[in-house]
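> Turn this into a structure:
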Amino acid sequence: MQAEHIRPESKFDPPGGGLGYALMQTANAWRSELAIALAPVSVTPPQFFVLAALLHVQSRARPGPTQKELADRTGIDVNTTSQIVRGLERRGIVRRQPHPQDSRAVALGLTQAGVELARQCTREARALNRRFFAPADAEPLLHTLEELTTRSRGRRVR
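The predicted model follows:
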């Protein structure tokens, strides 16, 4: 007779045992922790995603993205991206400049203060990731999440 596999009791019980729901709950918990970590520098999670995306581009000496490109990279809708950029621009964190390849477009970039803030926020986010994801085997998890995201990109409705 084979022993039955009995799942240990868990306090985490997503409706219907849904993996998608569990993933959403985990993402919301991480985002809440990120908000707490960035509160001392008055940066919200959506602002951080914009700052991190701009820092990534700028640190690789690539042309600054347009607002639409930035929205696509961050997964934030264009209108919300516009509001975030305007707010960061008022704070002297983000600058607009002529796009090097399209005279009709405007490229976004970080000011020196923006680079410093983005680096500080990135350090905080990385420290949070180390704490938050400590129980997980990070490499396989990251690989799986990247694969799922890549697979769904073609099916997204915008």
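
> Can you pull the phi and psi angles for Asp72?
Torsion angles at Asp72 (phi, psi; degrees, to the nearest 10) stand at phi -60, psi -40.

> could you pull out the helices for this structure?
19-38, 45-59, 67-74, 78-90, 112-132, 138-153 (DSSP state H).

> For Ser103, which of the ones you listed is the nearest?
Among the helices of the chain, helix 67-74 comes nearest to Ser103, with 16.1 Å by C-beta to C-beta. C-beta: built from backbone N, CA, C; applies to glycine.

> now that closest one against helix 78-90, angle please.
100 degrees (axes from the mean of the first three to the mean of the last three C-alpha atoms, to 10 degrees).

> okay if I get the helices of the chain as CSV plus mean pLDDT, mean neighbour count and distance to Asp102?
Shown next, in CSV, are those (pLDDT from 0 to 100; neighbours: other C-beta atoms under 10 Å; distance: least, C-beta to C-beta, whole Å):
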stretch, mean pLDDT, mean neighbour count, distance to Asp102
helix 19-38, 92, 14, 33
helix 45-59, 96, 20, 16
helix 67-74, 93, 18, 11
helix 78-90, 96, 16, 17
helix 112-132, 97, 16, 22
helix 138-153, 85, 10, 24
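
> Distance to Pro98 for those helices - can I get that in JSON lines?
Listed next are these as JSON lines, based on distance: least, C-beta to C-beta, whole Å:
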{"stretch": "helix 19-38", "distance to Pro98": "31"}
{"stretch": "helix 45-59", "distance to Pro98": "16"}
{"stretch": "helix 67-74", "distance to Pro98": "14"}
{"stretch": "helix 78-90", "distance to Pro98": "15"}
{"stretch": "helix 112-132", "distance to Pro98": "18"}
{"stretch": "helix 138-153", "distance to Pro98": "30"}
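
> Looking at the ones you listed, spot the one closest to Ala105.
Using C-beta to C-beta, the helices of the chain put helix 67-74 closest to Ala105, at 8.8 Å.

> The closest one: how far from the chain's middle?
12 Å (C-alpha atoms, centre = their mean, to the nearest Å).

> Also stretch 87-97?
The answer for stretch 87-97 is 19 Å, by C-alpha atoms, centre = their mean.

> try stretch 137-148
The mean C-alpha position of stretch 137-148 is separated from the chain mean by 15 Å, C-alpha atoms, centre = their mean.

> That concludes my questions; thank you for your assistance.
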